[in-house]
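J.: Give me a 3D structure for the following:
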Amino acid sequence: MRAESKYTTSLCATCPARDGVSFCDALHVRRPSDSAPRGQLPRIHERAAAQDIIYSRGQHTNDICVLCQGWAITVATLPNGLRQILAVLLPGEPFSITAVFADTLPFTIQAVTDVIYTRFKNVDVRAQMVGDPAIVTGLGQICVIEHTAMNDLVIDLGKRDAEQRVASLLLRLTQRLSSRFVIHGHRYPFPLRQRHIADMLGLTPVHVSRVMAGLRKSNIIDLRAGFLTILDRDKLDRIGRLG
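T.: Below you'll find the predicted structure:
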């Protein structure tokens, strides 16, 4: 693995997830300004263009990948060609925490936007965990977050109607974005298309379009030019039934 470059160091220093719960924080991968840095694991930054397949289901890998910039999705494709989006990945999040211990993943990773991601060797991460309970605790928190997100998706698919599913998804995504970025005026980057929302929530793009149009007509949201503005969070919360 090649040595860390100035580009890598600069990217880590400006990571939007550097002050929150993130995979890199859990490993004590610290910014260059920190004194006595700990746990500087070897890592490589790579790029992928929007729509690129970053990882294919079942592909052997010794790496744990963490998203640095952009949006990506985890996708399961059925034999008949239908897709189920399992998760939306935001900066600071690993493709899957299970990659710490597994050398294959049961889904595909696809870039939604142009992305930059980091590769760590899973053997390096496991070695780092030995004798450091803080790292185990940090990675455990990420496991809880991933598990909770999957539970939320199961509830959406099993017990919420179409409008509630869309509202719930928008609430969860904007909450996650608020924890990583400075958001002004409740205006969030939102590169997902109707087909992404449909493939995640078990709906058709036409149904998603109808629901989004209803939310706009009710002055609850505004979505244009790749940005989502929450105009009435209380109403959105009541529909999504999160509060």
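J.: The most centrally placed residue in the chain - nearest residue in space that isn't next to it in sequence?
T.: In the chain, the residue lying closest to the centroid (Cα atoms, centre = their mean) is Leu89, at 1.7 Å. Take Leu89 and drop its neighbours on the chain: the residue closest to it by Cβ to Cβ, 6 or more residues apart in numbering is Ala72, 4.3 Å away. No exception for glycine: its C-beta is placed from N, CA and C like everyone else's.
J.: ditto for Leu170
T.: Closest to Leu170 by Cβ to Cβ, 6+ apart is Leu236, at 6.5 Å.
J.: burial of the one you found, as a residue count?
T.: When neighbours are counted by other Cβ atoms under 10 Å, Leu236 registers 22.
J.: pretty sure the residue nearest to Leu89 contacts Gln110?
T.: Yes - contact criterion Cβ atoms under 8 Å: Ala72 and Gln110 qualify, at 6.4 Å.
J.: Pull up the overlap in contacts between those two.
T.: Ile54 (Cβ atoms under 8 Å, 6 or more residues apart in numbering).
J.: okay, the two: which has more neighbours?
T.: Regarding Ala72 and Gln110, a neighbour count based on other Cβ under 10 Å identifies Ala72 as having more, with 26 against 22.
J.: What pLDDT does the model give the more buried one?
T.: Per-residue pLDDT puts Ala72 at 98.
J.: Tell me the spacing between Val211 and Leu157.
T.: To Leu157, Val211 is 15 Å away according to Cβ to Cβ, to the nearest Å.
J.: Repeat that for Ala149.
T.: Counting by Cβ to Cβ, the gap from Ala149 to Leu157 is 13 Å.
J.: what's the answer for Pro79, then?
T.: The value you get for Pro79 to Leu157, if Cβ to Cβ is used, is 20 Å.
J.: give the contact list for the residue nearest to Leu170.
T.: Residues near Leu236 by Cβ under 8 Å, 6+ apart: 167, 170-171, 215, 220-221, 230.
J.: Name the helix or strand for it, please.
T.: Using DSSP states H and E, Leu236 sits in helix 233-240.
J.: If you count neighbours, what's buried in that helix?
T.: 233, 235-236, 239-240 (16 or more other Cβ atoms under 10 Å).
J.: Could you count how many residues lie near Gln79?
T.: To be clear, residue 79 is Pro; Gln isn't right here. Residues near Pro79, counting by other Cβ under 10 Å: 5.
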